[in-house]
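Asker: Following is a predicted model, sequence given first.
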Amino acid sequence: MLLVNTVPVTVLFDAGATHSFVNPVAAAWMDCKFENLEVPLGITTPIGSVYQVEQIARDCTIIILGRLFLGDLILLGIQSSDVSLGMDWLNQYQATIDCN
């Protein structure tokens, strides 16, 4: 659980995802302000489902251990977690995932 836009939500750090996502239910709790993407994206899930996404919430606040980070979250209607932080976010902050 992390605070995203001041709301406690479940967050998945997903090194297999190129982008970061928020599911619609969590987005409503977090009062995300969405804008349309310039070009809609086709997102393929690990099981092969394809979703077209068209909206993004820019500069959402993410608080980890008292430190504030920003992230752009694409609205995606899957329920695996509230927020998934993908490689765009991990690279931006040079994050390391330690599996030990």
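Answerer: Here it is on my side, so go on.

Asker: longest strand anywhere in this protein?
Answerer: As assigned by DSSP state E, the longest strand anywhere in the chain is strand 50-64.

Asker: Can you give me the buried ones in that one?
Answerer: Within strand 50-64, the residues scored as buried using 16 or more other Cβ atoms under 10 Å are 53, 55-57, 60, 62. C-beta coordinates here come from the backbone N, C-alpha and C atoms, glycine included.

Asker: cool, stretch 30-48 as well?
Answerer: 30, 32, 43.

Asker: now stretch 68-80
Answerer: Buried residues in stretch 68-80, counted by 16+ other Cβ under 10 Å: 69, 71, 73-76.

Asker: Would you enumerate the residues in contact with the residue lying closest to V83 once chain neighbours are set aside?
Answerer: Closest residue to V83 apart from its sequence neighbours, by Cβ to Cβ, 6 or more residues apart in numbering: V11 at 4.7 Å. Residues in contact with V11 (Cβ atoms under 8 Å, 6 or more residues apart in numbering) are 1-2, 4, 62, 81-85.
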